[in-house]
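Could you work out the structure for the sequence below:
(2 chains)
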There are 2 protein chains.
Amino acid sequence: MSPKSNVLLFGSGGVGTIAALNLEAGGQANVTAVLRSNFAHVQKNGFHIKSCDHGTVTGWKPSKSLYQIHPPLVNSVPDTYGDPTLPAFDFIVCSTKNVPDNPPGLAEQIKPAVTPGHTTIVLLQNGLNIEKPLFAAFPTNPVLSGVSMIGSHEVAHGVIEHDDKDRVLLGPFHNPALDRAVEEAAARKFVDIYSAAGKTDCVFTADVGFSRWRKLVYNSCLNSICAITGLDTGRIRLADGAVDALVRPAMEEIRAAAKAAGYELPPEVVDTMINIDPLTMYLPPSMLNDLRKGNFIEVENILGEPLREGTALGVPMPTLTVLYGICKTIQWRTKEQRGLVQIPPKDNFVKDS
Amino acid sequence: MSPKSNVLLFGSGGVGTIAALNLEAGGQANVTAVLRSNFAHVQKNGFHIKSCDHGTVTGWKPSKSLYQIHPPLVNSVPDTYGDPTLPAFDFIVCSTKNVPDNPPGLAEQIKPAVTPGHTTIVLLQNGLNIEKPLFAAFPTNPVLSGVSMIGSHEVAHGVIEHDDKDRVLLGPFHNPALDRAVEEAAARKFVDIYSAAGKTDCVFTADVGFSRWRKLVYNSCLNSICAITGLDTGRIRLADGAVDALVRPAMEEIRAAAKAAGYELPPEVVDTMINIDPLTMYLPPSMLNDLRKGNFIEVENILGEPLREGTALGVPMPTLTVLYGICKTIQWRTKEQRGLVQIPPKDNFVKDS
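Have a look, this model is predicted:
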């Protein structure tokens, strides 16, 4: 039996915590989790997880087998440069929100834990062109694409509700500077350790672009429309005409853009994505959840990039153009609410007499 | 001096209450106001009004000169059919929200107070084709168009903040069944009694269509975009790119639709409307106010009708098509929140183990 892989999890919310639990359940990985907002709570109480794949787990933390060198929970990215006695991470699984319009970027954040020429970076994140900043920052490290269809949310600090099966399509982003065989081996290795528990559908894909564009049919459209209208995916299907007026036209624009980019998604993908969440689950997509929590939304990677790519290829995308304009405006609203932009003071136009 | 006109006000919120105050200040009208949600409060305390045109007025109610026959405040539309001793209303000023997708319609509501062949109906309301149900219901009564640019809001029951001058463009809708001279005389009479206090800019216009399409440049676009994004008109101008990405394209679509309908709005109208509210007033347009209060929005008259009219005339309106789809979906959300539509119960997919 090969030694366990040394995995750093960056982003231990709904998606990342289930990934950590699943990796440890398979017995082929030791996970160190970087926690931020929920660190103090989880350090004290562990995670409380209700999972459709793993059952109910109370007080859970990643294994302590590497405790002496990497504690299983940390509140900042371990500095493997600063301490050469630390073993290198084999994989860094990134499952934070990816909001490039709100720096610092992901590459800058994980940099202390990346060993050049060794660490494989796994982007368990949505959207298009998310590998590009990583290629630029880490030219000697494989970067993998993980497209997850999981439904899992952190409903309170350390409390995870995982209600829709973890399904991951995994494959290498192709960095022209790296050997494809090395990238593919890294991807297959991660599929192995992620599949070891037998609880998830983790499937290798060579065609990362196809799987990303395919998921954008859901993400660019249902995420943004649900966030804007305040409705979950069940209600959006019940609301008078919303599917025909908004969801279908948007999804057809993504299909057209994907086709122009070289990925032929079948027409049925539209109905598949419309119906992929069980209606009576009334599932809020991540972007709606983010808004409800007052967080930034992943507008640039899941809406801006495909829109820019499709538009540059000459595809008319009128629906997504408007949805993007609205989402960017909502992002500004969040910035203003957080005091990140200053506006002139209000005048008192109505005077007391 | 001619006798005072007998006016029924239907809808005593921000716009209507200032209209009533202004009519009575002019001394040529006795106003009876129909109140609904604020009736008990105003009956007891009167209105508290801070007005940029009329100053601060405390404990105000319409005049009591007709008290014996029409009390100045009523909580339902007086039935002038049922009691033939009541004098007829000369004018009924309608300043309720106009939400035809949420019956009963306006015509049905004011019917008991309309004297055929006598009462003039003044629609101090936004949107397109709002006269059509009134023409159908009251074929012998003039119907007037009042396009108001007032900024006035009921911030609590009976508390009115009027912070942007009352300016009204008034003229007759042309009912093919009526004599144009009669319609015009009714309009000029109303302009006279509304101007008598010398506090407002109430101007007669023969070209009602032009004034309505012109105001739609503001209403169809800023109302809907502000409501959807949750930003007032000041913030929408400050938000990164929102004006160029959303507001201008939408306004140009209204200009194009107006042109196809025969109304040539000058290009400058776009910047005029973008800048018409003082930025640092941070004014929420009515539709945003309605949403914040959990009320229905006037989506059909101010967005649906111009979109249908422009589209029927062959004008491409991609921006407004998406905004309309979103606003209709938000309207459904309000219906669902009020229990007016039933949805299947939620399943509990995450089982406790």
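
For the strand or helix carrying A:Pro249, which outside residues touch it?
Using DSSP states H and E, A:Pro249 maps to helix A:248-260. Residues outside helix A:248-260 that contact it (Cβ atoms under 8 Å, 6 or more residues apart in numbering or on different chains) are A:213-214, A:216-217, A:220-221, A:224-225, A:264-265, A:267, A:269-270, A:273-274, A:306-307, A:309-310, A:313-320, A:323. In short, each C-beta sits where N, CA and C put it, glycine included.

mind listing which of those residues are in helices?
Among the contacts of helix A:248-260, the ones falling in helices (DSSP state H) are A:213-214, A:216-217, A:224-225, A:269-270, A:273-274, A:306-307, A:309-310, A:318-320, A:323.

Return the helix holding A:Pro249 as CSV; C-alpha atoms alone will do.
The C-alpha trace of helix A:248-260 is given here as CSV (Å, rounded to 0.1, in the frame of the first residue of the first chain):
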residue,chain,number,x,y,z
ARG,A,248,-34.0,28.7,-21.5
PRO,A,249,-32.8,31.7,-23.5
ALA,A,250,-29.8,32.1,-21.2
MET,A,251,-29.0,28.4,-21.4
GLU,A,252,-29.2,28.4,-25.2
GLU,A,253,-26.8,31.3,-25.2
ILE,A,254,-24.3,29.2,-23.2
ARG,A,255,-24.8,26.3,-25.6
ALA,A,256,-24.1,28.6,-28.5
ALA,A,257,-21.0,30.0,-26.9
ALA,A,258,-19.7,26.6,-26.0
LYS,A,259,-20.2,25.5,-29.6
ALA,A,260,-18.3,28.5,-30.9
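
residues near whatever residue of the stretch 151-300 of chain A ends up closest to chain B, how many?
Here the stretch 151-300 of chain A gets closest to chain B at one residue, A:Ala245, 3.5 Å apart by Cβ to the nearest Cβ. Neighbour count for A:Ala245, taken as other Cβ atoms under 10 Å in any protein chain shown: 20.

so A:Ile330 sits right up against A:Ala227, yeah?
Yes: taking contacts as Cβ atoms under 8 Å, A:Ile330 lies within contact range of A:Ala227: 7.3 Å.

list residues touching both of these two?
With contacts defined as Cβ under 8 Å, 6+ apart, the residues shared by A:Ile330 and A:Ala227 are A:291, A:297.

Would you mark the buried spots in stretch A:141-158?
A:141-154, A:158 (16 or more other Cβ atoms under 10 Å in any protein chain shown).

how far does that stretch stretch from start to finish?
31 Å (Cα to Cα, to the nearest Å).

what does stretch A:94-105 give?
Stretch A:94-105: ends 12 Å apart by Cα to Cα.

ditto for stretch A:306-317
Span of stretch A:306-317 from end to end, Cα to Cα: 10 Å.

Show residues contacting that stretch.
Contacts of stretch A:306-317 (Cβ under 8 Å, 6+ apart): A:127-129, A:213, A:216, A:220, A:253-254, A:256-257, A:260-261, A:320-321, A:324.

And the spatially most central residue of chain A, what's its pLDDT?
Central residue of chain A (Cα atoms, centre = their mean): A:Gln125, 2.6 Å from the mean position. Confidence at A:Gln125, expressed as pLDDT, is 95.

OK, contacts around it?
Contacts of A:Gln125 by Cβ under 8 Å, 6+ apart are A:94-98, A:146, A:301.

do A:Lys199 as well
Counting by Cβ under 8 Å, 6+ apart, A:Lys199 has contacts A:22, A:25, A:53-54, A:166.

Make sure I have this right: it is in a helix.
No: under DSSP: H, G, I helix; E, B strand; the rest coil, A:Lys199 falls outside any helix and is assigned coil.

Just the pLDDT for it.
Looking at A:Lys199, the pLDDT reads 93.

Can you list the buried residues in the helix holding A:Pro249?
A:248-258.

Same check on stretch A:27-34?
Those would be A:28-34, for stretch A:27-34 by 16+ other Cβ under 10 Å.

Make a markdown table from those residues and add distance to B:Ser76, secondary structure and pLDDT to it.
Listed next are the buried residues of stretch A:27-34 as a markdown table, based on distance: Cβ to Cβ, whole Å; DSSP: H, G, I helix; E, B strand; the rest coil; pLDDT from 0 to 100:
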| residue | distance to B:Ser76 | secondary structure | pLDDT |
| --- | --- | --- | --- |
| A:Gln28 | 75 | coil | 95 |
| A:Ala29 | 72 | strand | 94 |
| A:Asn30 | 74 | strand | 90 |
| A:Val31 | 68 | strand | 92 |
| A:Thr32 | 70 | strand | 91 |
| A:Ala33 | 64 | strand | 93 |
| A:Val34 | 64 | strand | 93 |
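
List only those of the contacts of helix A:248-260 flagged as buried.
Buried members of the contacts of helix A:248-260, scored by 16+ other Cβ under 10 Å, are A:213-214, A:216-217, A:220-221, A:224-225, A:265, A:269-270, A:273-274, A:306-307, A:309-310, A:315, A:317-320, A:323.

re earlier: gap between the residue nearest to the centre of chain A and A:Asn98?
5 Å (Cβ to Cβ, to the nearest Å).

Next, show the common contact partners of these two.
Joint contacts of A:Gln125 and A:Asn98 (Cβ under 8 Å, 6+ apart) are A:Asn301.

Many thanks, I have nothing further to ask.
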